[in-house]
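Enquirer: Structure, please.
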Amino acid sequence: MGVDVGTARLGVATSDPAGILATPVETVKRDARSVQRLAQLAVELSAIEIVVGLPRALSGRETASTADARTVAAELAAAQSIPVRLVDERLSTVSAQSALHRSGRNAKNSRSVIDQVAAVIILQHALDFERSADTPPGMTVDSDPGTVNDG
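Expert: Below you'll find the model as predicted:
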């Protein structure tokens with residue numbers, strides 16, 4: 001399952017059982033129950049891993065959004081038992097906006113799906129990387145909030 005963390009919404013995507021193709025699932029409103037809903041979706045979707053996008057500046061520096069994504073990932077790792085990984089997601093939202101624009105949707109009527117499309121992009125990149133490198137992308141998140149392991 002892939003997650004795009006935004007300040008107002010969380011985009012969710014899943015893949016087929018073989019891990020070939022990512023597809024959109026849902027946009028979760030960001031509130032006190034968001035992480036609980038993500039954990040519930042992981043169960044409903046029979047997810048074996050959750051990939052959370054880690055936004056960074058183009059230079060690679062961390063931002064307030066980076067810290068926010070790390071917090072959501074740690075809370076999600078603590079809320080359920082499957083692995084949670086953080087993966088670099090630079091430009092995923094820009095790519096999602098561009099794809100929606102090319103399909104004829106403007107920004108105003110795309111708000112409801114932009115986060116799902118970004119989650120699809122994050123998850124698809126992770127699936128493709130894992131298939132080509134034969135290793136999972138990004139860093140695992142421990143259930144102890146704020147703890148991240150490289151690898």
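Enquirer: Ends of stretch 50-65, what's the gap?
Expert: 18 Å (CA to CA, to the nearest Å).
Enquirer: Only the buried residues of it, if you could.
Expert: Residues 50-56, 65 are the ones in stretch 50-65 that count as buried (16 or more other CB atoms under 10 Å). C-beta: built from backbone N, CA, C; applies to glycine.
Enquirer: likewise stretch 68-83?
Expert: 69-70, 72-77, 80.
Enquirer: Which residues does R9 form beta bridges with?
Expert: Taking DSSP bridges as the rule, R9 bridges to K29.
Enquirer: OK, contacts around it?
Expert: 27-30, 115 (CB atoms under 8 Å, 6 or more residues apart in numbering).
Enquirer: I20 in helix, strand or coil?
Expert: coil (DSSP: H, G, I helix; E, B strand; the rest coil).
Enquirer: thinking it is in contact with L127, fair?
Expert: Yes. I20 is within contact range of L127, at 7.0 Å (criterion: CB atoms under 8 Å).
Enquirer: So what does V87 look like in phi/psi?
Expert: The phi and psi values for V87, taken as degrees, to the nearest 10, are phi -130, psi 140.
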